[in-house]
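Novice: make a model of this:
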Amino acid sequence: MGIVVVSGTGTEIGKTVVTAAVAAVATAAGRSVAVLKPAQTGVGPEERGDADEVVRLSGAVGSAELGRFPEPLAPGTAARRAGLAPVGPRQVADAARKLAAEHDLVLVEGAGGLLVRFDEEGGTLADAAALLGAPVLVVAPAGLGTLNSTALTAEALRARGIEQLGVVVGSWPAAPDLAARCNLADLPEAAGAPLLGAVPEGSGSLDPAEFRAAAGGWLGPALGGTWDVEEFGGRFAAAFGDASLFDEQPSGR
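Specialist: Numbering: from 1, shown residues only. All right, here's what the predicted structure looks like:
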């Protein structure tokens with residue numbers, strides 16, 4: 001996988017930290033990793049963006065940002081209000097290919113969800129992934145409501161013929177409620193794809209050395225880590241008396 005697109009089912013759900021974890025694991029394995037942020041919104045000219053944060057946490061060797069817009073809005077709207085040129089899917093695809101020629105792995109981190117508008121023509125992250133022929137890793141929240149948004153994202157990917165690698169929970173709570181615990185078993189069915197990891201809440205505040213040391217334990221083997229969904233689910237089932245929820249977890253359609 002030379003290029004992987006990382007999309008959330010929404011915003012503020014841990015997408016940047018998941019991207020950093022994937023980058024950290026790949027970097028530790030000796031791969032040259034670059035992160036591409038097509039459109040950074042809600043950040044001023046001198047502030048650190050998401051790509052900078054991924055590099056800081058993971059040790060990835062390269063990063064690029066194609067557009068930066070100050071208001072925390074959808075990229076197309078933020079660009080229009082700032083009077084700046086938007087970033088379209090073809091620009092994203094061209095930049096990703098250029099980075100892929102120089103790095104083993106390129107992680108393209110979207111803004112919000114899969115179908116957020118990037119430009120006035122209605123271009124989206126899904127369009128960029130289709131142009132690239134790249135798989136999409138979906139980041140989802142843990143709790144109530146995540147099954148619907150995850151299923152909708154998966155349906156949009158299938159409709160466009162785009163491969164979904166799987167789902168990672170972006171911020172797994174220290175004290176998960178019943179909905180979160182049930183969702184460990186139900187997310188693969190909703191997504192039609194495997195659950196590939198769960199990143200603990202607050203992981204982005206770790207020291208970079210601690211983050212890199214722990215990242216492999218948050219991600220499954222498909223992403224280069226050691227996380228095991230059955231062991232993880234069983235741990236919470238035992239703690240909360242939910243053993244029946246994890247007897248036969250679906251692996252995806």
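
Novice: need the three-state assignment for residue 7.
Specialist: Secondary structure assignment for residue 7 (DSSP: H, G, I helix; E, B strand; the rest coil): strand.

Novice: what sits against it?
Specialist: 15, 110, 113, 114, 125, 126, 129, 136, 137, 138, 139, 153 (C-beta atoms under 8 Å, 6 or more residues apart in numbering). Every residue, glycine included, has its C-beta placed from N, CA and C.

Novice: take those residues and keep only those in strands.
Specialist: 110, 113, 136, 137, 138, 139 (DSSP state E).

Novice: with only the CA atoms kept, save stretch 145-159 in CSV.
Specialist: Extracted in CSV, the C-alpha atoms of stretch 145-159 (Å, rounded to 0.1, in the frame of the first residue of the first chain):
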residue,chain,number,x,y,z
GLY,A,145,-24.5,6.9,16.7
THR,A,146,-21.3,5.6,15.2
LEU,A,147,-22.9,2.6,13.5
ASN,A,148,-25.1,4.7,11.3
SER,A,149,-22.3,7.1,10.2
THR,A,150,-19.9,4.2,9.7
ALA,A,151,-22.5,2.3,7.5
LEU,A,152,-23.2,5.4,5.4
THR,A,153,-19.4,5.9,4.9
ALA,A,154,-19.0,2.3,3.8
GLU,A,155,-22.0,2.5,1.5
ALA,A,156,-20.5,5.6,-0.2
LEU,A,157,-17.2,3.9,-0.7
ARG,A,158,-18.8,0.8,-2.2
ALA,A,159,-21.0,2.9,-4.5
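
Novice: and the contacts of that stretch?
Specialist: With C-beta under 8 Å, 6+ apart, stretch 145-159 has contacts from 7, 9-10, 113-115, 126, 136, 138, 140, 163-164, 167, 183, 186-187, 190-193.

Novice: buried among the residues you listed? Make that a PyMOL selection.
Specialist: PyMOL command restricting the contacts of stretch 145-159 to the buried ones, with burial defined by 16 or more other C-beta atoms under 10 Å:
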select buried, resi 7+9+10+113+114+115+126+136+138+140+164+167+183+186+187+190+191+192+193
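
Novice: with adjacent residues omitted, what lies nearest to residue 225?
Specialist: residue 219 (3.3 Å; C-beta to C-beta, 6 or more residues apart in numbering).

Novice: what does that neighbour show for phi and psi?
Specialist: phi -120, psi 140 (degrees, to the nearest 10).

Novice: do the same with residue 172
Specialist: On the backbone of residue 172 - angles per degrees, to the nearest 10 - the values are phi -80, psi 120.

Novice: distance of residue 71 relative to residue 41?
Specialist: Separation of residue 71 from residue 41 (C-beta to C-beta, to the nearest Å): 7 Å.

Novice: what residues are shared contacts of the two?
Specialist: residue 78.

Novice: neighbour count for these two, which is higher?
Specialist: residue 41 (24 against 13; other C-beta atoms under 10 Å).

Novice: how about the CA coordinates for stretch 102-117, as CSV?
Specialist: Provided in CSV are the C-alpha atoms of stretch 102-117 (Å, rounded to 0.1, in the frame of the first residue of the first chain):
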residue,chain,number,x,y,z
GLU,A,102,9.8,9.5,-2.9
HIS,A,103,8.4,7.6,0.1
ASP,A,104,7.3,4.1,0.9
LEU,A,105,4.0,5.1,2.4
VAL,A,106,1.9,8.2,1.9
LEU,A,107,-1.0,8.9,4.3
VAL,A,108,-3.6,11.3,3.0
GLU,A,109,-5.6,12.7,5.9
GLY,A,110,-9.0,14.2,5.0
ALA,A,111,-11.0,16.9,6.6
GLY,A,112,-14.0,15.7,8.5
GLY,A,113,-16.0,13.0,6.6
LEU,A,114,-15.6,11.4,3.3
LEU,A,115,-18.0,13.6,1.3
VAL,A,116,-17.2,17.0,2.7
ARG,A,117,-16.9,19.4,-0.2
